[in-house]
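K.L.:
any chance you could fold what I've pasted below:
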Amino acid sequence: MAHEDERNSAMASPLLPATQIDQNCQDCCRVMFSPRCLLTVQSMHGVLLAIFAAILYSAAHYCMRLVQEVGGVGPLQTSFFINMGMSICIIPIIICKSINIMGESHKERGILITIAGLYTGSLLALVKALILGSIGNVTGILRGTMPIVTPILSMIILRESYKIVDGLVTLISICGILLMARAPEIFGLETQFEEVDSHELSAYMLTVFAGTQMSLCVVLMRYSNENVLVTLCWISMFGSLSFSFFTIIFEIPKWAMDTETALVIVGMIISTLLGTVCRIKALHLIEATPVILLSNLQIVVAFLLQTYGLHDNPDFYSILGAGVILLGGTICAVNTWWRDYHHK
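P.N.:
Numbering: from 1, shown residues only. Presented below is the predicted three-dimensional model:
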């Protein structure tokens with residue numbers, strides 16, 4: 001009779017095995033997630049972080065332009081401010097948490113040094129390019145270079161696959177970049193555009209160089225899968241030491257500045273730091289190619305900042321190109337979620 005009552009009680013309460021009572025006699029619900037659900041949530045988390053990184057990097061590039069153009073700070077000193085500010089934010093956290101930053105092997109230390117060197121070189125080239133060319137064009141060329149270089153490096157180093165949808169999003173992004181750049185040779189509008197001068201050409205070459213370095217840096221970040229704080233510590237310390245030396249040798253540092261320029265520098269440091277954190281975390285959650293393709297949304301944000309911050313009125317091709325790039329980023333985000341949801 002007792003066994004029959006227990007059996008009836010179990011049938012009347014089918015959710016009982018998923019409910020436990022803690023020591024304080026309070027109900028504790030235990031929810032079980034399937035591996036597919038967990039992978040989908042992880043993918044959504046990575047996509048959102050990649051989008052946030054694109055927005056934050058756009059704000060950082062806008063601040064870099066203002067610091068150099070309005071504040072009169074050189075590119076080397078601007079890069080020094082960024083890395084020194086990141087070091088001031090990161091090092092106290094590492095000391096408090098007693099995190100080992102030296103790595104467990106020579107291979108890990110070599111990868112960290114390589115990442116720091118590539119990040120430093122790409123940052124210097126990008127900062128210099130932002131003062132020579134417009135924000136929209138520099139950002140467009142940067143975001144057009146990385147989706148081409150990163151998948152190739154991902155296939156070689158990470159053994160990641162390059163799917164048809166990724167190629168489609170890359171083509172969409174390139175079309176959007178061409179629309180925003182408004183190349184006369186493509187649209188046949190030679191009489192409406194000025195020829196590219198030496199400064200703009202130098203800016204575009206520096207941007208391609210920066211995009212190639214950053215692509216390799218991104219792939220190595222995913223390959224190492226190192227702690228975010230450790231990676232940031234190596235990047236900021238390496239950059240601080242390098243740029244402090246280069247600033248003293250090749251530039252005349254400017255330390256006296258008004259309050260507005262100082263606030264812009266603080267904003268530049270914070271947005272760069274948070275953007276780097278979001279991108280590294282995104283690389284730990286999803287593949288490198290979707291992260292880079294989602295970063296193309298950075299062009300749209302940079303286009304808006306250039307329009308409303310620097311009062312550069314948009315034309316039809318700029319608006320259309322921004323919309324095409326936004327479409328490519330949306331397709332990439334939906335495809336990443338869908339692919340991970342159906343992943344077995």
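K.L.:
C-alpha only now, for contacts and for neighbours.
P.N.:
Will do.
K.L.:
top helix in the chain by residue count?
P.N.:
Longest helix in the chain, counting residues (DSSP state H): helix 35-69.
K.L.:
next structured bit after that helix?
P.N.:
Going down the chain from helix 35-69, the next helix or strand is helix 75-97, by DSSP states H and E.
K.L.:
next, the buried residues of that following helix.
P.N.:
Residues 75-87, 89-91 are the ones in helix 75-97 that count as buried (16 or more other CA atoms under 10 Å).
K.L.:
just the helices in this protein please.
P.N.:
2-12, 35-69, 75-97, 106-132, 135-153, 164-181, 184-187, 198-224, 228-250, 259-285, 288-294, 297-309, 316-341.
K.L.:
name the spans of the stretch 101-250 of the chain whose pLDDT lies under the cut-off.
P.N.:
Scanning the stretch 101-250 of the chain for pLDDT under 70 picks out 177, 180-197.
K.L.:
residue 48: how many residues sit nearby?
P.N.:
17 (other CA atoms under 10 Å).
K.L.:
which ones are touching it?
P.N.:
Shown in contact with residue 48 (CA atoms under 8 Å, 6 or more residues apart in numbering): no residues.
K.L.:
cool, residue 107 as well?
P.N.:
With CA under 8 Å, 6+ apart, residue 107 has no contacts at all.
K.L.:
for residue 91, give its distance to residue 121.
P.N.:
Noted for residue 91: a distance of 22 Å to residue 121, by CA to CA, to the nearest Å.
K.L.:
what's the answer for residue 217, then?
P.N.:
Separation of residue 217 from residue 121 (CA to CA): 10 Å.
K.L.:
re the thing from before, closest one to residue 127 out of the buried residues of helix 75-97, please.
P.N.:
Checking the buried residues of helix 75-97 against residue 127 by CA to CA gives residue 75 as the nearest, at 5.7 Å.
K.L.:
let me see the contact set for that closest one.
P.N.:
Residues in contact with residue 75 (CA under 8 Å, 6+ apart) are 68, 124, 127-128.
K.L.:
max pairwise distance over those residues: which two?
P.N.:
Farthest pair in these (CA to CA) is 68 and 124. Separation: 12.8 Å.
K.L.:
shared neighbours of residue 217 and residue 121, anything?
P.N.:
Counting by CA under 8 Å, 6+ apart, nothing touches both residue 217 and residue 121.
K.L.:
which one's more surrounded, the two?
P.N.:
residue 217 (22 against 17).
K.L.:
go ahead and confirm that one touches residue 120.
P.N.:
No: contact criterion CA atoms under 8 Å: residue 217 and residue 120 do not qualify, at 10.0 Å.
K.L.:
residue contacts, residue 57?
P.N.:
271-272, 275, 298.
K.L.:
per-residue pLDDT, it?
P.N.:
Residue 57 is assigned 90 on the pLDDT scale.
K.L.:
quick one: it from residue 142, how far?
P.N.:
Per CA to CA, residue 57 is found 12 Å from residue 142.
K.L.:
and for residue 37, the neighbour number?
P.N.:
By other CA under 10 Å, 14 other residues sit near residue 37.
K.L.:
same question for residue 154.
P.N.:
Based on other CA under 10 Å, the number of other residues close to residue 154 is 23.
K.L.:
before we move on, what about residue 250?
P.N.:
11.
K.L.:
cool, residue 201 as well?
P.N.:
For residue 201, using other CA under 10 Å, the count is 14.
K.L.:
same question for residue 327.
P.N.:
For residue 327, using other CA under 10 Å, the count is 17.
K.L.:
for the closest residue to it other than its chain neighbours, give me its contacts.
P.N.:
Using CA to CA, 6 or more residues apart in numbering and skipping residues adjacent in sequence, the residue nearest residue 327 is residue 172, 8.0 Å away. Counting by CA under 8 Å, 6+ apart, residue 172 makes contact with 324-325, 327-328.
K.L.:
run the last query once more with 7 Å
P.N.:
324-325, 328 (CA atoms under 7 Å, 6 or more residues apart in numbering).
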